[in-house]
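A.B. asks: sequence and predicted model, in that order:
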Amino acid sequence: MNNWQLNGLQKDQQSITSDWIFASQSLIEGVQVKEVKNVIKQRGYLTEIYRKDWQLDDLSVEQVFQIAMNPGSISAWHAHELTTDRLFVSLGTIKVVLYDSRQNSPTYKCINEFLISDLRPQLVSVPPQVWHGVKNIGSDTAILLNLVDKAYQYEAPDHWRIPANSSEIPYQI
């Protein structure tokens, strides 16, 4: 041990590449992420949220909705059998966690975690049958947008839930 080092020290592992892409996480099969950049304007900034030519998927957008989340609030765990969610944070900071329970998937039992905010915007495309949960980790209300490929069916929702503390998913959100 060198003279400046203390007991119990650990060297940081690479967390980000020179292109500012997180190095420690392989994406779950079918998950797509597009980091977008704010365009600074004279009176604020403009943020593109979705463009078909980003080619994240070839699906349509049938519905767009937003969720206002109070500080510390959690929505977990849920999945869709047929619907693709496209999640975007327009205000605040939200942790988005994905879990792949699809037994035939090459990323079976993998977890992805994203910290998304209005400061570093990203669009995360969550394929059907991938469990996901979100948590507002900021100190103010956060706004989460969802641009789904299939509109919510009021009479027969494609929405499946398990409790946030379920032992089925090896992650506490």
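C.D. replies: That came through, no problem.
A.B. asks: which stretches of this protein have low pLDDT?
C.D. replies: Counting by pLDDT under 70, the chain shows low-confidence ranges at 1, 19, 21.
A.B. asks: give the buried residues for stretch 140-160.
C.D. replies: Of the residues in stretch 140-160, those with enough neighbours to count as buried (16 or more other Cβ atoms under 10 Å) are Ala142, Ile143, Leu144, Leu145, Asn146, Leu147, Val148, Asp149, Lys150. In short, each C-beta sits where N, CA and C put it, glycine included.
A.B. asks: wait, which of those is closest to Glu29?
C.D. replies: Nearest to Glu29 among these is Asp149, at 17.3 Å by Cβ to Cβ.
A.B. asks: now the phi/psi pair for that closest one, please.
C.D. replies: Summarising the backbone geometry of Asp149 under the convention degrees, to the nearest 10, its torsions are phi -80, psi -20.
A.B. asks: right, and it touches Val64 too?
C.D. replies: No. Taking Cβ atoms under 8 Å as the contact criterion, Asp149 and Val64 are not neighbours in contact, 11.1 Å apart.
A.B. asks: let's see the strand or helix carrying Ser90 as PDB, backbone CA atoms only.
C.D. replies: Assessed by DSSP states H and E, Ser90 sits inside strand 85-91. As requested, the backbone C-alpha atoms of strand 85-91 are provided in PDB (Å, rounded to 0.1, in the frame of the first residue of the first chain):
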ATOM      1  CA  ASP A  85     -43.500   2.300 -23.600                       C
ATOM      2  CA  ARG A  86     -41.300   5.200 -24.600                       C
ATOM      3  CA  LEU A  87     -40.300   7.100 -21.400                       C
ATOM      4  CA  PHE A  88     -39.100  10.700 -21.300                       C
ATOM      5  CA  VAL A  89     -38.500  13.000 -18.300                       C
ATOM      6  CA  SER A  90     -39.400  16.600 -19.100                       C
ATOM      7  CA  LEU A  91     -39.000  18.000 -15.600                       C
END
